[in-house]
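K.L.:
here are the coordinates; sequence isn't available:
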């Protein structure tokens, strides 16, 4: 009895059908496009379709906006507008068509599906003519400047230029023109030249003046009314300096290496300090000394054999940049220190290079001896040695100072 009462109040909305359930309760069977416990949800209210699209209810809570979108709109909810943003260029007007279609209505002088083609770009008018879009599609006309004419302003009254000597052609109406001559030229087409017989010498430049007048513009180092005076003839530079002409009558001397001064009159070797017969050598930044064999130092003041560097009666012989020792029989080495009765290494110093000759006998005690402070090991007899110490050092192996 209660079940009947529950459906008698017609709880199902929007034409839904009420059905009793076993036991207690009811259920609503909704028509197409409605849903919810009492069919209270309408898939088309509010409408989900944009741009005045018509909503069509479907199964359950479904709906469709197509194919009922207005002309020019598309998409599941009619959200796409074929004319927004406009696909038309150059201020063309967009007109919507069926589905997502559109048509562009172009202004004069523009064409193409989207009005993208401009009859005046690039401009067909030459010689600064102005292109004017004159009708539908690609129609145009050219407004030509003074002195130009023709379909695209191709005819020029001043081409080729009738004026000689770089005269300027001034265009007039139609094919007329007038020549404006440069200074120093004259005549109807500027055919006369005031500098034709160039009176300027030494590559001077003739400067044309009004009428038949002229002046000479002289090159660097030349002067005078006709550029006849040469600043480097005769040359003012001494000691083989090279004269370089300067503006007007001025000049510059480029001196040989080792000379300086405005006329190369000063010599870096004039105060020569080189000793012992050495030669002064001129350079870019000063001078140096080329020493005789056996002398070194800035001024060749040091004799390489002066300190008697050869031991054991060896004879010091001057060589280039140093000395060599000529050892007596039984001794060798660059200072005649090595005793030749044992294994010896003979070193000859020649012109700054070393040639080595090794003679093997039995045993070299100095091979395993290290004399301190640059001392020199000298063999005495087999198994014995002596360290010859540098000045200021003493001891068996030169380890002590005194």
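P.N.:
Okay, I see it. Just so it is clear, the structure is predicted and the values come from calculations on it, not from any experiment.
K.L.:
low-confidence ranges in this protein?
P.N.:
Residues of the chain that meet the criterion pLDDT under 70 lie in 1-5, 174, 340-365, 379-384.
K.L.:
domain ranges for it?
P.N.:
Per the record, the chain has its domains at 93-156, 304-362, 366-402, by automatic domain parsing.
K.L.:
burial count for residue 234?
P.N.:
7 (other CB atoms under 10 Å). In this view, the C-beta of every residue, glycine as well, is placed from N, C-alpha and C.
K.L.:
oh sorry, the question was meant for residue 21
P.N.:
If you count neighbours by other CB under 10 Å, residue 21 ends up with 10.
K.L.:
separation between it and residue 60?
P.N.:
Residue 21 is 21 Å from residue 60, where distance means CB to CB, to the nearest Å.
K.L.:
quick one: secondary structure of the residue lying closest to residue 40 once chain neighbours are set aside?
P.N.:
Closest residue to residue 40 in three dimensions, ignoring its sequence neighbours and counting by CB to CB, 6 or more residues apart in numbering: residue 13, at 5.1 Å. With DSSP: H, G, I helix; E, B strand; the rest coil as the basis, residue 13 sits in coil.
K.L.:
I'd say residue 13 and residue 39 touch.
P.N.:
Yes: using CB atoms under 8 Å, residue 13 is in contact with residue 39, at 5.1 Å.
K.L.:
out of these two, which sits in the more crowded spot?
P.N.:
Taking neighbours as other CB under 10 Å, residue 13 and residue 39 compare with residue 39 leading, 21 against 16.
K.L.:
give me every residue that touches residue 159.
P.N.:
By CB atoms under 8 Å, 6 or more residues apart in numbering, no residues touch residue 159.
K.L.:
the one 4 residues further on now?
P.N.:
Taking CB under 8 Å, 6+ apart as the criterion, residue 163 is in contact with 169, 179-181, 189-190.
K.L.:
try it again with 7 Å
P.N.:
By CB atoms under 7 Å, 6 or more residues apart in numbering, the contact set of residue 163 is 169, 179, 189-190.
K.L.:
just say helix, strand or coil for the closest residue to it other than its chain neighbours.
P.N.:
With sequence-adjacent residues excluded and distances taken as CB to CB, 6+ apart, residue 163 is closest to residue 179, at 3.8 Å. Assigned by three-state DSSP, the conformation of residue 179 is strand.
K.L.:
residues near residue 179, how many?
P.N.:
Residues lying near residue 179 (other CB under 10 Å) number 21.
K.L.:
helices of the protein, residue ranges please.
P.N.:
If DSSP state H is used as the criterion, the helices of the chain fall at 2-8.
K.L.:
how far away is residue 385 from residue 330?
P.N.:
Residue 385 sits 16 Å away from residue 330, going by CB to CB.
K.L.:
for the two, indicate the residue with more neighbours.
P.N.:
The neighbour count for residue 385 versus residue 330, taken as other CB under 10 Å, is higher for residue 385 (19 against 12).
K.L.:
from residue 114, how far out is that one?
P.N.:
Distance from residue 385 to residue 114, counting by CB to CB: 106 Å.
K.L.:
residue 80 reaches residue 72, doesn't it?
P.N.:
No: at 9.2 Å, residue 80 and residue 72 do not qualify as touching, with contact defined as CB atoms under 7 Å.
K.L.:
the two - which one has more neighbours?
P.N.:
With neighbours defined as other CB under 10 Å, residue 80 and residue 72 compare such that residue 72 has more, 22 against 16.
K.L.:
excluding its backbone neighbours, what's nearest the more buried one?
P.N.:
Sequence neighbours aside, residue 96 is the residue nearest to residue 72 in space, at 2.3 Å (criterion: CB to CB, 6+ apart).
K.L.:
identify the bridge partners of that neighbour.
P.N.:
residue 102 (DSSP bridges).
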